[in-house]
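Asks: when you get a sec, could you give me coordinates for this:
(3 chains, ligands or ions: 2)
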Amino acid sequence: MPSRIRQPKTAGTYVRRGLVITYLFLLVAWPVSLVVKHTFDGGLDNLQTALSDPDVVFALQLTVYVAVWAVVINTVFGVGVSLLLVRYNFPGRGILSALIDLPLSVSPIVVGLALLLTYGSTNGLLGPSLKDAGIQVAFAPLGIILATAFVSLPLVIRELVPVLHEIGTDQEQAARSLGAGPWQTFRRITLPSVKWALVYGVVLSLARSLGEFGAVKIMSGNIAGQTQTATLSVEEKYQDFQQGTAYATSFLLALIAVAALVVVSVLRPKESPDGD
Amino acid sequence: MGIEIRGINKFFGDFVALEDINLSIPSGQLTALLGPSGGGKSTLLRIIAGLESSDSGTVEIEGVDTTNVPAQKRNVGFVFQHYAAFKHMTVAKNIAFGLEIRKRPKQEVKDRVQELLKLVHLEQWSDRLPSQLSGGQRQRMALARALAIEPSVLLLDEPFGALDAKVRKELRDWLRRLHDEVHVTTVFVTHDQEEALEVSDSLVVINEGRIEQIGSPDDLYDRPASDFVLSFLGPVTRLGDHLIRPHDIEISRYEQAATATGKISRWTRVGFEIRLEVTPDDTLHPDPIQVVVTRAEATALGLHDGDQVWLRPQAGVEPVRG
Amino acid sequence: MTTEIQPAPGATRKRRVRSATSLTRSSGIGLGLAVTWFSLLVLIPLALVVIQSADGGWQTFRDTLTNSQTAAALRLTVTQALIVTLVNVVFGTLIAWVLVRDHFWGKRILEVIIDIPFALPTIVAGLVLLSLYGPDSPIGINVANTERSVFLALLFVTLPFVVRTVEPVLLELDPEVEEAAASLGASRFTTLRRILLPALAPAITAGAALSFARGISEYGSLVLLSGNLPNKTEVASVRILTYIENGNEAAAASVAVLLLGVALIAIILLQVLTSVVSKRA
Ligand SMILES: Nc1ncnc2c1ncn2[C@@H]1O[C@H](COP(=O)(O)OP(=O)(O)OP(=O)(O)O)[C@@H](O)[C@H]1O
Ligand SMILES: [Mg+2]
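Replies: Ligands and ions are numbered 1, 2, ... in the order given. Model prediction:
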C-alpha cells in the first residue's frame, strides 16, 4: 500500500506544529543550548579548568570504567535472557519476563537502598561475608558497577525481544538444517538480524549508565578522587560554586550520551529491522 | 443521472495521474473500472468519493454538483481493498457507525443493522471483533457498513484483491446478486479482466490516466477500440497481419486456404483446454502462433504434437488490424 | 498462559510464529546463570527492602508514613507525577501525532530532541532546567525551590514515554480507516473521538503508566532544582535518602516499599493493557 500524503494542510496543521515546536523548544532545546552556551562562556576556560582538576578527571575516568563494565554485563545478560525468553519454553518464563522490567520503575534511591541492604559492609546480608573473602562491594567500584548495571538492566532486552519475535525462527531452522551448530547459527544468522536493535539497546544502556546518579550516590560513598563519579562531581562542584566546572563536566557527559544516540538514530535503517 | 464526470485532471507533482476524464455512469448500473496497475483507477474512484481532490473538472452525483462537497457530505459508500475495519468495534457496531453519525433513532439503527447482517450473511457474527473474522467475512462487513447509509453510489476499490481465488469467485457472484437486489449505482475497481467481464453491466478501461474505451463487456471483448484493450481483455496472438484471440483460430491437419502454415511445436493441456504453439513455416511471423482448442475439438481434428497444420481466422471473426 | 515482554503496544502487527522449544542442556545452564545473576542484582536486594520494612513491624511502617514531613513528600510526589502524566498524555499524543502525520523541514531534529531527556544524566537535566528557569533565567522565570520546579523536572524527564509508545501505533494505523469514517459521514472531530482515540488509548495509557512510574521515583533532576525543602519541595526519594543517611533503614524501607507498590501497580496495568492490544491486532 503506498503511503500517501493525503490530509491537506489546514490551519490546524500549523497550530499543532507550532505548539509542538514551542513546547519542545521551551522544555528541552533552549535549556540544553544554554548549558552549552554556559560551558563556552569564557571560551575553552571552563573545559580547561575542569580537565585540570584531578578529581574531575578521576570522576570521568571512573564513570567511563563503570559504564563500560555495566554495559558489557547487561549486553551479555540481555542477549542471553532475550534468547531464552523468546526461543525457549520453561516454567516461570512469564514471571521472569514481567520482572525484567522492574528496574525501570524503581527509584534510583530505592535501588541504592536495596543494594546497601544486601552488600553493605557492616550490616548487609552478603556484604560482611564478601568482605571477609576480600571483596569490597559497597563504597567501592564494584558497588558502583552493580548500581549502574541494576538501573540499566532491561534496556537491551526491551530492544531485542520484539525484534527476535518478529524475525521468527525460519532462518535459524534453515541454518540448522544446513548443518550450522548453535553458536554458528547465532553468530551468522541471529546476530546480524538483530544487529541494529542490539546496537540501539547498547547505546541506551550506555547513556543511562553514564548518567546514573541516585543509586550511585548511595552505593559509592561519594568520596572525591576515590569513588566519586562524574554525575556526583557535577553536584558537588555546582554546590561548591564552581559552576563553570559543573557546566563543563555536564557538557562532556551530555555530549557522549547525545552523540551516541544521534549517531545510532541516523545510522539505523528506518524500516526493516531485520536488516535486509 | 448516476455519476457525471467532466474534464477531470489530476497531477501528483508533475506526474499526470488522470488526464481529461469524461465519463457518465448511469443510475443503478454496476460499472467496472479496469486497467493495469498505476493506471489511475483508485485515483478516479477516490475523486468521486471526495477522498482526493481533482485539479480541474467536475463531479456530479445524482444530478448534484459535488465537486466541492467534502467526503463526509457526499453520501458515498466506499469499500477499501484492505477492509479498513474499525478494529475496536464489533461487526454490528461497525455497520451501525454511519447511522449513528446521522443520529438515527436507536431502534431504527438496530433494525437496519439486523437487516444488513442478514443481507451479507453475518448474523451469527454480529458480536465478533473484525480480527475474529476471515478476510471474506471482513469484506462483507465492510460492504454492509457502506450500504447502511443508503449511499447514492457505492464505490469499491479492488474489494476482492486481498482474498484468495476461491473466496474471490464466491464474493464476486455474490456481489452481482446483491446488486440485482439493491440496485444502487455501483463502481468497482479491478485489474482482473475476468472479474470485470463477468460481473459488470458496463466496463471502463483506463490506462496511463486516460480512458481507452467504455462499453458493455460484449462490446469491449468483440469490438475493442485499440490493441491495448484487445490484449488487456484476454490473450492475443498474431496471425498474418492481424491480432486475434487464440481460440478464434481455425486449425486443420489438411491443406486448405490458410493465413499461415506451420508445425505444432508445443502442446499444453490445462483442464478442458489445449494450448498449442505453432511454429510457422514462413518468416512473416516473428513468434510462434498461439492456438487454443478444446479437448473434444483436438480429438475430432485428430491433432497431435508435431503435426503440420493450416491456420486461418474462424468464419465471422473480425480480427483487429495490428 | 504466559505473559511476555511486548514491544510498545501495537508496534508489530504481523502474526508471531511461536516455535519455542524446551530447554536444552546448555540453555538450561544459561537460564540458571541468568536467574542467579538477576536474583543477586535485583530480586534479593529488592526483597530485602520489603523484609526490612516489615522488620520494624506494622508500627514503624505506619509511623513513618504518617510522619507529617514524609506524608507531605509522598503527597507532593504523587500529585506532581499525576499532573505531569496528564500533561504528557495530552502533549505526548500531540507530539507523536505531529511527528507521524506532519511533514516539515527539521522533523528529524525534533525526533532527536525527544530522546535527549532519556539520554541526559538526570543531574545534568536539573542543571539544564536551572539555566532557563532558575535564578539567572534570561526570561525572568525562576521556579527554583518551588513546587513548580518539581513539576518542571518531572515533565522534562518523562517527556519521551508517551511519545515513544504512541508513535509506533499511530504509524501502523491504516489511513484508510479514517477515510472510511469520513465517507460514512464522520467529521474530523468524530473520527478523532470514535476511531483514533480508542485505537490509541491502550498505547497512551501504557505510556502514561511508564511516565507516572518514572515520575514518582525521580531524584537526580531535582537535586539542584528543587532545593529539597521539607514540606515544600521535598519528594519521596529525597525522604528515603534522608532516612538512609540518618541510619533509619527501616523507615527508608517503608517509604521505598510504598513507592515500589505504586510502581508495581503501574507495571501490571501496563502488562494488562499490552495484552489487550496484542489480542486486538
Ligand atoms: N498521493 C500520491 N502521491 C503521488 N503519486 C500518487 C499518489 N497517489 C497515486 N499516485 C500515482 O498515481 C498513479 C495512479 O495511481 P492509482 O492508485 O490511481 O493507480 P491504480 O490504477 O489504482 O493502480 P493499482 O491497480 O495498482 O491500484 C500511480 O502512478 C501512482 O504512483
Ligand atoms: Mg488502486
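Asks: what number of residues lie near residue B:305?
Replies: Counted with other Cβ atoms under 10 Å in any protein chain shown, residues neighbouring residue B:305 total 10. C-beta here means a position set from N, CA and C on the backbone, and glycine is covered the same way.
Asks: mind listing what residue A:149 touches?
Replies: For residue A:149, the contacting residues are A:69, A:70, A:73, A:74, A:209, C:41, by Cβ atoms under 8 Å, 6 or more residues apart in numbering or on different chains.
Asks: one more time with 10 Å
Replies: Under the criterion of Cβ atoms under 10 Å, 6 or more residues apart in numbering or on different chains, the neighbours of residue A:149 are A:66-67, A:69-74, A:77, A:103, A:205, A:209, A:212, A:215, C:37, C:41-42.
Asks: swap in residue A:209?
Replies: Shown in contact with residue A:209 (Cβ under 10 Å, 6+ apart): A:63-64, A:66-71, A:74, A:145, A:147-149, A:151-152, A:155, A:216, A:257, C:121.
Asks: so which of the contacts of residue A:149 belong to helices?
Replies: Among the contacts of residue A:149, the members found in helices (DSSP state H) are A:66-67, A:69-74, A:77, A:205, A:209, A:215, C:37.
Asks: phi, psi for the spatially most central residue of chain B please.
Replies: With distances taken as Cα atoms, centre = their mean, the residue of chain B nearest its centroid is residue B:196 (3.0 Å). Backbone geometry at residue B:196, expressed as degrees, to the nearest 10, gives phi -60, psi -50.
Asks: that one against residue B:160, yeah?
Replies: No. Contact criterion Cβ atoms under 10 Å: residue B:196 and residue B:160 do not qualify, at 11.6 Å.
Asks: tell me, what's touching these two both at once?
Replies: Common neighbours of residue B:196 and residue B:160, using Cβ under 10 Å, 6+ apart, are B:172, B:188, B:190.
Asks: hmm, back to that, between the ones in helices among the contacts of residue A:149, which sits nearest chain B?
Replies: Closest to chain B out of the ones in helices among the contacts of residue A:149 is residue A:205 (34.9 Å), distances taken as Cβ to the nearest Cβ.
Asks: in what helix or strand does residue 79 lie?
Replies: Went with chain A since none was named. For residue A:79, the host element (DSSP states H and E) is helix A:54-87.
Asks: oops, I was thinking of chain C
Replies: With DSSP H and E as the test, residue C:79 turns up in helix C:68-101.
Asks: quick one, the helix or strand immediately after that helix in the chain and helix C:68-101 angle?
Replies: Tracing the chain past helix C:68-101, the next element assigned as helix or strand by DSSP H and E is helix C:107-119. Angle, helix C:107-119 to helix C:68-101, by axes from the mean of the first three to the mean of the last three Cα atoms, to 10 degrees: 160 degrees.
Asks: what residues of helix C:107-119 count as buried?
Replies: Neighbour counts over helix C:107-119 (16 or more other Cβ atoms under 10 Å in any protein chain shown) mark C:110, C:112, C:113, C:114, C:115, C:116, C:117, C:118, C:119 as buried.
Asks: now the element after that helix, going C-ward?
Replies: Beyond helix C:107-119 toward the C-terminal end (DSSP H and E), the next one is helix C:122-133.
Asks: which residues touch the residue lying closest to residue B:116 once chain neighbours are set aside?
Replies: Leaving aside its sequence neighbours, residue B:116 sits nearest to residue B:144 (Cβ to Cβ, 6 or more residues apart in numbering or on different chains; 4.2 Å). Residues near residue B:144 by Cβ under 10 Å, 6+ apart: B:77, B:79, B:91-92, B:94-95, B:112-113, B:115-122, B:178.
Asks: repeat the analysis, applying 7 Å as the threshold.
Replies: Contacts for residue B:144 were tallied using Cβ atoms under 7 Å, 6 or more residues apart in numbering or on different chains; they are B:95, B:116, B:117, B:119, B:120, B:122.
Asks: ok so, going back, among the contacts of residue A:209, the buried ones, what's the ChimeraX command?
Replies: Burial among the contacts of residue A:209 is assessed by 16+ other Cβ under 10 Å; the matching ChimeraX selection reads:
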select /A:63,64,66,67,69,70,71,74,145,147,148,149,151,152,155,216,257 /C:121
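Asks: what parts of the stretch 151-300 of chain B come near ligand 1?
Replies: Applying Cβ under 6 Å from any ligand atom, we find that the stretch 151-300 of chain B lies next to ligand 1 at residue B:191.
Asks: quick check: the residue of the stretch 151-300 of chain B nearest ligand 1.
Replies: Among the residues of the stretch 151-300 of chain B, residue B:191 lies nearest to ligand 1; the distance is 4.9 Å by Cβ to the nearest ligand atom.
Asks: again, but for chain C
Replies: Counting by Cβ to the nearest ligand atom, chain C gets nearest ligand 1 through residue C:175, at 10.6 Å.
Asks: and that residue, how many neighbours?
Replies: Residue C:175 is flanked by 16 other residues according to other Cβ under 10 Å.
Asks: over to it: give its phi and psi.
Replies: Here the main-chain torsion angles of residue C:175 (degrees, to the nearest 10) amount to phi -60, psi -20.
Asks: most neighbours among the contacts of residue B:144, please name it.
Replies: The most crowded member of the contacts of residue B:144, judged by other Cβ under 10 Å, is residue B:95 (28 neighbours).
Asks: so who does that one touch?
Replies: The contact partners of residue B:95, taken as Cβ under 7 Å, 6+ apart, are B:113, B:116, B:117, B:141, B:144, B:145, B:148.
Asks: those: which ones sit near ligand 1?
Replies: Among those, proximity to ligand 1 is found for none (Cβ under 6 Å from any ligand atom).
Asks: mind putting those residues into CSV with distance to residue A:16?
Replies: As requested, the contacts of residue B:95 are arranged in CSV below (distance: Cβ to Cβ, whole Å):
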residue, distance to residue A:16
B:113, 36
B:116, 37
B:117, 39
B:141, 33
B:144, 35
B:145, 30
B:148, 32
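Asks: can you put those in TSV and add pLDDT?
Replies: Formatted as TSV, the contacts of residue B:95 follow (pLDDT from 0 to 100):
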residue	pLDDT
B:113	95
B:116	92
B:117	93
B:141	93
B:144	92
B:145	93
B:148	92
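Asks: tell me which of those residues is nearest to residue B:275?
Replies: Nearest to residue B:275 among the contacts of residue B:95: residue B:141, at 40.0 Å, using Cβ to Cβ.
Asks: tell me the spatial nearest neighbour of the closest one, not counting adjacent residues.
Replies: Leaving aside its chain neighbours, residue B:141 sits nearest to residue B:91 (5.2 Å; criterion: Cβ to Cβ, 6+ apart).
Asks: what residues are up against that neighbour?
Replies: Shown in contact with residue B:91 (Cβ under 7 Å, 6+ apart): B:122, B:125, B:126, B:128, B:130, B:141.
Asks: what residue is smack in the middle of chain A?
Replies: Taking Cα atoms, centre = their mean, the centroid of chain A lies closest to residue A:205, which sits 2.1 Å from it.
Asks: tell me the pLDDT at residue C:6?
Replies: pLDDT, residue C:6: 39.
Asks: for residue B:255, that is, sorry about that
Replies: We have a pLDDT of 88 for residue B:255.
Asks: can you count the residues close to it?
Replies: Residue B:255: 9 surrounding residues under other Cβ under 10 Å.
Asks: now swap in the one 5 residues further on and tell me
Replies: If you count neighbours by other Cβ under 10 Å, residue B:260 ends up with 19.
Asks: got phi/psi on it?
Replies: phi -160, psi 150.
Asks: and it, how far from residue B:224?
Replies: Residue B:260 sits 22 Å away from residue B:224, going by Cβ to Cβ, to the nearest Å.
Asks: can you check residue B:42 too?
Replies: Distance of residue B:42 to residue B:224, computed by Cβ to Cβ: 24 Å.
Asks: again, but for residue B:267
Replies: Residue B:267 sits 29 Å away from residue B:224 when distances are taken as Cβ to Cβ.
Asks: for residue B:178, same thing?
Replies: Distance from residue B:178 to residue B:224, by Cβ to Cβ: 29 Å.
Asks: and what of residue C:175?
Replies: Counting by Cβ to Cβ, the gap between residue C:175 and residue B:224 amounts to 37 Å.
Asks: nothing else from me, thank you.
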